[in-house]
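> Prediction below, plus the sequence it came from.
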Amino acid sequence: MSHEPPGSPAARLLVVDDEAVQRLIVARAAETLGIAADGAASLAEALERVQAIAYDVVVLDLGLREHDGIELLRSLRQSGSDAAVVFVSGFDERVRQAAARLAAALGLRVAGTLGKPLLVDRLVALLRALPERTGANGAEEAAEIDPALLAAAIDNEEIVCLFQPKVALRDRRLTGVEVLSRWRSPALGLVRPDRFIPLAERCGLIDRLTDRIMAQALRRFRPWRQERPELTLAVNLSPISLTDLSLPERVSAALAESGVPPAALVLEVTEGAVMADYVTAADIMTRLRIRGVKLSIDDFGTGHASLLSLLRLPFSELKIDQSFVRTCLNDPEAPKIIRAVVSLARELGLQLVAEGIETEPVAELLTRLGCVIGQGYLFAPPLSHAALDERLRAAVWAEAVR
Ligand code: G
Ligand code: G
Ligand code: MN
């Protein structure tokens, strides 16, 4: 319980609990692992400490007097902390799970949850297996790429389209593909979209990039569609694109150029993109729909959109986010949420896609819950056009995925 900065590189833990005995139990457990432990008896004390010291672990009692402990999560995040969080609570498992989800949503690492009375062995096990560091709030991000390099790459077609299959869960039939782009840079190697898309957005290159990706994807897609008229092509849109009133014309031009019918194209947009400038987004989306293009809500359940505002827009598809899919076997809440989304989609006539399916048991549960279409590593990762071509031509799809 000292105020000195850590004298050694050993891990440092903060236990926040209003009961002195609990603080002592946690501190003793930590010390057996060589982890230095500080204690805070109140939220105020904890806030002061996390601003001063970069903790590796915070063990947080959710039932602090007059406070809910959740406030501390926000402060941790704001202070740039990279601490892993362990929740302790006498509340039921649902409350602990909700807190854990909140922390994860805030970008904090969750090490686990513990009930009361505290089982020291469980705590020690959690502390031994702390989740990997993400790098303090992304502060250790890779160096900024020169925008001129990206601009040249766009013109030189260094940005390539990969295609991830969407399949009907019942018979594993291919129903469409989603375009996920990659930058194959001679200078930088393979660059992932989470690195170059935000850069393109900041540097005013995103429209050019989107046009190029769309043109390339449509060109690749055309022969597949001619062979299999039921297939759709999904392209992700940047939120910036939903502020550009010329988007519908640009999309129509790309479609006309490629000879792909508008109904084969699905544009995926996230909740956040829609809510940033709702009126403009609604304008653009309505005009896209009038032109026959389909719209999909991507990463559904992760944004902060008002459900009503979202569902009044002319969407044709809803993609339930990977986070619900991945946890559906372990998190007792997830199947309930999925079932509710299934019935919502059904009522509104939206096609429902479950993303991030990695295992057969997950696919089976989702099918049972009423999901019709799935996407994920179980079926296929994002594939090059040549690889997809091969599998389509060989007609091995349905057998290969089982
Ligand atoms: O496939 P991957 O893990 O690398 O994709 C990471 C993120 O980048 C995803 O959120 C995906 O939607 C986004 N993304 C991938 N390709 C594109 C693209 O061509 N345009 C836009 N706007 N986003 C993309
Ligand atoms: O944000 P969006 O849903 O467009 O992006 C999909 C992202 O998910 C891409 O980065 C893609 O590479 C990734 N992805 C696709 N299938 C799986 C999967 O089964 N598991 C995981 N972890 N990621 C996946
Ligand atoms: Mn997507």
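Right, received. Where do you want to start? Ligands and ions are numbered 1, 2, ... in the order given.

> Residues of the stretch 251-400 of the chain that sit close to ligand 1?
Residues of the stretch 251-400 of the chain lying close to ligand 1 (Cβ under 6 Å from any ligand atom) are P382. Glycine gets a C-beta too; all of them are placed from N, C-alpha and C.

> mind listing what's buried in the lengthiest strand in the chain?
Of all segments of type strand in the chain, defined using DSSP state E, the longest is strand 174-185. In terms of neighbour count (16 or more other Cβ atoms under 10 Å), strand 174-185 has its buried residues at L174, T175, G176, V177, E178, V179, L180, S181, R182, W183, S185.

> what about whichever residue of the stretch 301-402 of the chain sits closest to ligand 2, how many neighbours?
Among the residues of the stretch 301-402 of the chain, G376 lies closest to ligand 2, at 3.1 Å counting by Cβ to the nearest ligand atom. A count of nearby residues for G376, using other Cβ atoms under 10 Å, gives 23.

> looking at this, it is in a strand?
No. The assignment for G376 by DSSP: H, G, I helix; E, B strand; the rest coil gives coil, which leaves it out of any strand.

> just to revisit the earlier point, the longest strand of the chain: partners in the sheet, and parallel or antiparallel?
Here strand 174-185 is paired, per DSSP bridges, with strand 159-168 (antiparallel), strand 189-191 (antiparallel), strand 232-236 (parallel).

> and the ones you listed as CSV, adding distance to V95 and mean pLDDT?
Output for those, formatted as CSV (distance: least, Cβ to Cβ, whole Å; pLDDT from 0 to 100):
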stretch, distance to V95, mean pLDDT
strand 159-168, 36, 96
strand 189-191, 41, 86
strand 232-236, 35, 98
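
> could you redo those as a markdown table and give each row mean neighbour count?
Supplementary listing: the strands paired with strand 174-185 in a markdown table, determined by neighbours: other Cβ atoms under 10 Å:
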| stretch | mean neighbour count |
| --- | --- |
| strand 159-168 | 22 |
| strand 189-191 | 13 |
| strand 232-236 | 23 |
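
> Can I get these in a markdown table including distance to ligand 3?
As requested, the strands paired with strand 174-185 are arranged in a markdown table below (distance: least, Cβ to the ion, whole Å):
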| stretch | distance to ligand 3 |
| --- | --- |
| strand 159-168 | 9 |
| strand 189-191 | 18 |
| strand 232-236 | 5 |
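
> Adding distance to ligand 2 as columns, could you present those strands in TSV?
Conversion of the strands paired with strand 174-185 to TSV gives the following (distance: least, Cβ to the nearest ligand atom, whole Å):
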stretch	distance to ligand 2
strand 159-168	6
strand 189-191	13
strand 232-236	5
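
> Which one of these lies nearest to A143?
Set against A143 and scored by Cβ to Cβ, those come closest in strand 189-191, at 11.9 Å.

> outside of that closest one, which residues touch it?
With contacts defined as Cβ atoms under 8 Å, 6 or more residues apart in numbering, strand 189-191 is touched by I145, R182, W183, R184, S185.

> for stretch 170-181, same thing?
Applying Cβ under 8 Å, 6+ apart, the contact partners of stretch 170-181 are 159-168, 193, 197, 213, 217, 221, 224, 228, 230-236, 266, 268, 367, 372-373, 375, 379, 382, 388, 392, 397-398, 401-402.

> do it and ligand 3 meet?
No. Under the criterion of Cβ under 5 Å from the ion, stretch 170-181 makes no contact with ligand 3; the nearest approach is 5.6 Å.

> and that stretch, average pLDDT?
Average pLDDT, stretch 170-181: 94.

> and what of stretch 60-68?
Stretch 60-68 shows a mean pLDDT of 77 in the predicted model.

> Which residues does it contact?
Surrounding stretch 60-68, the residues in contact under the criterion Cβ under 8 Å, 6+ apart are 16-19, 22, 42-43, 69-70, 72-73, 85-91, 95-96, 99.

> is any part of the helix ranked longest in the chain close to ligand 1?
Using DSSP state H, we find that the single longest helix of the chain is helix 206-227. Yes. Residues of helix 206-227 are located near ligand 1 by Cβ under 6 Å from any ligand atom, namely I213.
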